[in-house]
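A.B. asks: My questions concern the predicted model and sequence given below.
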Amino acid sequence: MDTSTYLNAVVEQTSTFADWVHGRDAATPVPTCPKWTLADLVDHVGATQHMVTMLVGERLTEPSRAFAGYVPAPTDSAQWRVWLTDAAAEAKQAFESVADDTPVWDPSGGDAGVPFWSRRLLGEACVHRADAAAALGLRYELAPEPAVAAIEDWLDTMTSRGYWENRPDFADAMRGAGQTLHFHATDASGEWVARREPDMVVLERTHTKADVAVRGSAAELLLVLSRRRPLDAAPTLEVHGDRALLDHWIEHMNWVTD
């Protein structure tokens, strides 16, 4: 998927999310993000899109103003649909004004810039729509291609140098001696091997024997890896090898849920 395709998918995912939350009780708890209400979830999704719109649109190259673009959600849930869809549309316009190699700051430590943020917004939209589904008792479905893109975003961000350096608790938990985990989407092109080294987690896009392997539909794999669905509640996923190693990995994939 290229940047344009990512942003089209962001608009689509956000539109569905906006339809779901429109007019709902702001105090509804979000079980997949235990400290959040529905109002917190909506605020996070829209405010993140506004922030990225500012970063990309203004071509910011250093982080000091990264959160200056924060725009809080309306307190009236009847205004959420328009606010969310406008945020996604503005983000799409911002990305249309730049090229993939336009310098823009990102927290990965890899100077990924515009491509990082386009994929990040899609990952956000897909995962947080799952949160809304859990909160509102709705059925969650996601096509294989955006699900693979969201998995790629999740794994790449969690294994980035920037995340490792800014989350010492994660780094301490993930230090290893070469233990490997293989994630395989069976309904779209997507395979990843994560290798735990003493100073980082190395992520490769390959098929190889690993200490533990998990395979299944991309959407189910995304939900489990992002801790939106317990592994035991995903019977269609196949796990081969060291289950304890996989459990340890998932236990520490706590980004955004705390």
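C.D. replies: Done, it's in. In this text the structure is predicted, and so the values were computed from the model without any measurement. Residues are numbered from 1 along each chain as shown.
A.B. asks: When you work out contacts or count neighbours from here on, use the C-alpha atoms and nothing else.
C.D. replies: Fine.
A.B. asks: show me the contacts for residue 67.
C.D. replies: Contact analysis of residue 67 by C-alpha atoms under 8 Å, 6 or more residues apart in numbering lists residue 51.
A.B. asks: For it, which three-state class applies?
C.D. replies: coil (DSSP: H, G, I helix; E, B strand; the rest coil).
A.B. asks: where does the stretch 1-150 of the chain dip in pLDDT?
C.D. replies: Residue ranges of the stretch 1-150 of the chain with pLDDT under 70: none are present.
A.B. asks: which residues in it form strands?
C.D. replies: Counting by DSSP state E, counting those that start in this stretch, the stretch 1-150 of the chain forms no strands at all.
A.B. asks: Surely residue 141 touches residue 219?
C.D. replies: Yes: at 7.4 Å, residue 141 and residue 219 qualify as touching, with contact defined as C-alpha atoms under 8 Å.
A.B. asks: higher neighbour count, these two?
C.D. replies: Of the pair residue 141 and residue 219, residue 219 is the one with more neighbours under other C-alpha atoms under 10 Å, namely 23 against 13.
A.B. asks: where along the stretch 1-150 of the chain do the helices fall?
C.D. replies: Applying DSSP state H, counting those that start in this stretch to the stretch 1-150 of the chain gives helices spanning 3-21, 38-57, 80-96, 113-136, 144-158.
A.B. asks: gap between the two ends of stretch 66-74?
C.D. replies: 21 Å (C-alpha to C-alpha, to the nearest Å).
A.B. asks: Now it: buried residues?
C.D. replies: Buried positions in stretch 66-74, judged by neighbour count with 16 or more other C-alpha atoms under 10 Å: 66, 69, 70, 71, 73.
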